[in-house]
Structures are given as C-alpha cells and as structure tokens.
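In: Provided below are the primary sequence and the corresponding predicted coordinates.
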Amino acid sequence: MAKPDADAGWPARLLLIGCGNMAGAMLARWLELGLPAERVTVVRPSGRPVAPGVTVVTQVEGPLEPGTVVMLAFKPQQLGAVAPGLTGLIGPETVLLSILAGVPAARLRSAFPQAGAILRCMPNLPVRIGKGVSTLYGEPGMPDGVWAQADALCRALGLVEWLEDEALFDTATALAGCGPAFVYRFIDALSTAGAELGLAPDMAARMALATMEGAALSAASSDVAPAAMADAVASKGGMTREGLNVLDEEDGLAPLIARTVRAARDRGAALAAASQQAD
Ligand SMILES: NC(=O)C1=CN([C@@H]2O[C@H](COP(=O)(O)OP(=O)(O)OC[C@H]3O[C@@H](n4cnc5c(N)ncnc54)[C@H](OP(=O)(O)O)[C@@H]3O)[C@@H](O)[C@H]2O)C=CC1
Ligand SMILES: O=C(O)[C@@H]1CCC=N1
C-alpha cells in the first residue's frame with residue numbers, strides 16, 4: 001500500500017473542519033498508516049472525541065501554522081455559516097482541501113481568497129479500508145508540491161483520479177462518491193430476491209454480500225472486462241442467461257443506473273446554488 005512518507009508526505013498540521021462519516025473514515029485510515037495523531041486537530045460542534053492523540057475543539061482557533069492542510073468536511077449547505085469564522089485564518093501558507101459535494105473551486109476561492117492553494121477531493125466510504133476512490137481537482141497553477149501532497153494523502157486511501165475539467169466533478173461524485181450507496185442497494189436487492197423465493201433472509205443476506213465481494217474482487221484481479229466476465233458465467237441455454245436477459249431489457253439495469261447517476265450528478269448543481277445563497 002502506497003502511503004505518504006513520514007515527513008515528506010504527511011502534512012505538518014492537519015485541521016479537519018467537521019469529522020463525521022466521511023472525514024472520520026479518511027482520518028482513521030491515515031492514522032492507521034502512520035499519520036502522527038498529534039499533528040491533527042478536529043473542529044466539531046459536538047466536541048466528541050475522535051481518536052487518541054487527536055485534538056478536538058468545538059470552534060476553530062487560530063493562528064494556523066504554516067504548512068497546515070485544512071480539510072473542509074462539513075455539509076455543503078453549511079459553507080456560508082462556517083466560512084466567516086475561518087476565512088481570516090486561511091493565508092498563502094495554507095492548503096485547502098474540500099470534500100464538500102457540489103461546491104465549485106471558484107465558490108471556495110471567493111470564501112477563502114487568501115488560501116495558498118485550493119483543491120477539491122471527492123472520496124468515498126471504502127477509503128476506511130484503503131479501497132476507496134478519490135477524485136481530485138486542483139485550481140490551475142497549483143504548485144507541484146501541493147499536487148504531490150494531495151496525491152499521496154489520497155493514494156493512501158485507494159484509487160486516485162485527477163480531473164482536468166472541473167465540469168466533470170459532479171459526474172465523478174455521482175459515480176464514485178455516491179457509488180457505494182448504489183452498490184449497497186444492489187446487494188440488498190439480490191438478498192431480498194433470494195429471500196422472497198424462499199431462502200432464509202439471513203442466509204440470503206450472507207450469500208448476496210459474499211457474492212458481491214467475490215465478484216468485485218475477481219473482476220478487479222482479472223484482465224477480462226466485466227461484461228465478458230458476465231458472459232463467462234452464462235452457460236449457453238442456462239440459467240444465468242435468462243437472468244441477464246431481464247437485466248439487459250430495454251428498460252433494464254443500464255438505463256436504470258444511467259438515470260440514477262444522472263439524478264445524483266444533477267443534484268450537485270443544486271448544492272452549488274445552495275452554497276452561494278448561504279452568503
Ligand atoms: N458520506 C459520504 O459518503 C461522503 C461525503 N462527502 C462530503 O463530506 C461532507 C460531510 O459528509 P458526512 O461526513 O457524510 O456528514 P456527517 O453529518 O457525518 O458529518 C458532518 C460533520 O460536520 C460537522 N459540523 C456540523 N456543523 C459544523 C460547523 N458549524 N463547523 C464545523 N463542523 C461542523 C459535524 O460535527 P459533529 O461531529 O460534532 O456532529 C460532523 O462532524 C459533505 O460535504 C459531503 O458532501 C463526500 C464524499 C462521500
Ligand atoms: O450524498 C452526498 O451528497 C455525498 C456526496 C457523495 C456521497 N455523499
């Protein structure tokens with residue numbers, strides 16, 4: 001597993017503004033890989049502890065040390081409320097990494113005009129086990145060192161994909177940021193179908209989960225494309241083909257997933273608008 005070098009890669013200081021499901025998963029993974037806990041401060045209104053050695057405060061406190069990476073990890077709709085208390089602390093020595101869905105870099109730049117660099121990162125929940133996907137986008141002209149640091153931080157969490165065109169960020173968010181939720185639904189549907197046809201529900205649930213895990217792992221370790229792997233399961237005249245014929249109907253799985261991803265993608269624009277109105 002690639003991980004940031006102890007001194008070159010881990011930020012000198014990491015300040016998380018919000019640490020719920022998503023940032024909590026990222027931080028847990030980084031700590032597991034060796035990020036020194038004493039470098040991390042978390043701002044969260046509840047003041048709930050995060051991990052041994054990590055400082056938790058309920059309000060942001062300055063000044064920030066040069067080289068601090070500030071990660072925005074509250075809800076996108078809260079940007080207007082949170083930014084005023086933070087903006088005066090963010091200077092040219094600060095790198096701002098935002099995981100806020102839908103909030104464009106230009107909106108972040110207008111909220112934090114002095115920031116040294118602004119990046120967007122869209123992780124997903126499997127980062128917790130180093131099997132996540134992080135999409136990254138940096139403002140044009142970002143220094144190489146910032147690029148490398150963000151890349152190393154996210155590579156410790158799994159696959160990293162950089163976007164040159166920010167216009168595609170909401171699409172990437174819909175596919176990979178939201179994607180685990182869609183996959184979890186599929187697992188449930190497979191399990192429910194088995195139970196409705198007579199299997200004990202707990203047995204069906206175990207089988208659906210293990211089938212998804214095995215299929216995903218075997219696809220990930222194969223050179224064969226998933227579509228061809230599906231055909232390899234389907235014996236001529238056999239049972240799988242009958243099932244695939246249903247999934248492959250004109251109004252079957254592909255258009256359903258296309259509508260799903262499109263709906264999620266389109267919500268990004270609404271979140272962007274909400275983050276503007278919050279000013
Ligand atoms: N969940 C996911 O799979 C993904 C989420 N994201 C993005 O991550 C962000 C957080 O989502 P998620 O972790 O799911 O949400 P959660 O509700 O789990 O976490 C939100 C966090 O924000 C904190 N918070 C609330 N108000 C403030 C405030 N005024 N100042 C500072 N912190 C505050 C909360 O504090 P407290 O802990 O005290 O309640 C909590 O830690 C969102 O912007 C979302 O778009 C991105 C990719 C995937
Ligand atoms: O639902 C959301 O808005 C965030 C973005 C990706 C996953 N969760």
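Out: That came through fine. This is a predicted model, so every value here is computed, not measured. Residues are numbered from 1 along each chain as shown. Ligands and ions are numbered 1, 2, ... in the order given.
In: alpha carbons only for contacts and neighbour counts from here, please
Out: Will do.
In: can you give me the helices in the chain?
Out: 21-33, 79-87, 105-111, 144-155, 169-172, 179-196, 201-220, 226-233, 239-247, 253-277 (DSSP state H).
In: Return the most buried member of those.
Out: Of all these, helix 169-172 has the most neighbours on average by mean count of other C-alpha atoms under 10 Å, namely a mean of 22.
In: and that helix, what's its mean pLDDT?
Out: Averaged across helix 169-172, the pLDDT comes to 98.
In: Which residues are in contact with A269?
Out: By C-alpha atoms under 8 Å, 6 or more residues apart in numbering, the contact set of A269 is G102.
In: Against L27, how distant is it?
Out: Separation of A269 from L27 (C-alpha to C-alpha, to the nearest Å) stands at 28 Å.
In: Over to L253?
Out: Distance from L253 to L27, by C-alpha to C-alpha: 35 Å.
In: who's in contact with stretch 235-253?
Out: By C-alpha under 8 Å, 6+ apart, the list of residues contacting stretch 235-253 reads 233-234, 254.
In: repeat for stretch 212-230
Out: I187.
In: Stretch 101-119 too?
Out: 76, 83-84, 87, 90-98, 120, 122, 136-139, 142-143, 146, 166, 169-170, 173, 267-272, 275-276.
In: The closest residue to ligand 1 within the stretch 101-250 of the chain - how many residues pack around it?
Out: Using C-alpha to the nearest ligand atom, the closest approach of the stretch 101-250 of the chain to ligand 1 is made by A101 at 3.8 Å. Applying other C-alpha atoms under 10 Å, we find 25 residues neighbouring A101.
In: Dihedrals phi and psi, it?
Out: phi -70, psi 140 (degrees, to the nearest 10).
In: confidence score at it?
Out: 97.
In: For E161, see how far away it is.
Out: 16 Å.
In: do the same with G80
Out: Counting by C-alpha to C-alpha, the gap from G80 to E161 is 28 Å.
In: Then L271?
Out: 22 Å.
In: Likewise for A81?
Out: 30 Å.
In: got it, and A220?
Out: 17 Å.
In: Quick check: closest non-adjacent residue to the residue most central in space within the chain.
Out: The residue lying closest to the centre of the chain (C-alpha atoms, centre = their mean) is P123, at 1.7 Å. Closest residue in space to P123, ignoring its immediate chain neighbours: S134 at 4.1 Å, by C-alpha to C-alpha, 6 or more residues apart in numbering.
In: Who are the contact partners of the one you found?
Out: 121-124, 154-155, 157-161, 176-177.
In: List buried residues within those residues.
Out: Among these, those buried by neighbour count (16 or more other C-alpha atoms under 10 Å) are 121-124, 154-155, 157-158, 160-161, 176-177.
In: surely L209 meets I187?
Out: Yes: at 6.1 Å, L209 counts as touching I187 under the criterion of C-alpha atoms under 8 Å.
In: What parts of the protein come near ligand 1?
Out: Counting by C-alpha under 6 Å from any ligand atom, the residues of the chain lying close to ligand 1 are 17-23, 43-47, 73-76, 82, 99-101, 122-125, 177.
In: Among those, which are located in strands?
Out: Secondary structure defined by DSSP state E assigns 17, 43, 122 of the residues of the chain next to ligand 1 to strands.
In: which residues does the residue lying closest to P66 once chain neighbours are set aside contact?
Out: On the basis of C-alpha to C-alpha, 6+ apart, the spatially nearest residue to P66 that is not a chain neighbour turns out to be E93, at 5.1 Å. For E93, the contact set (C-alpha under 8 Å, 6+ apart) comprises 66-68, 115-116.
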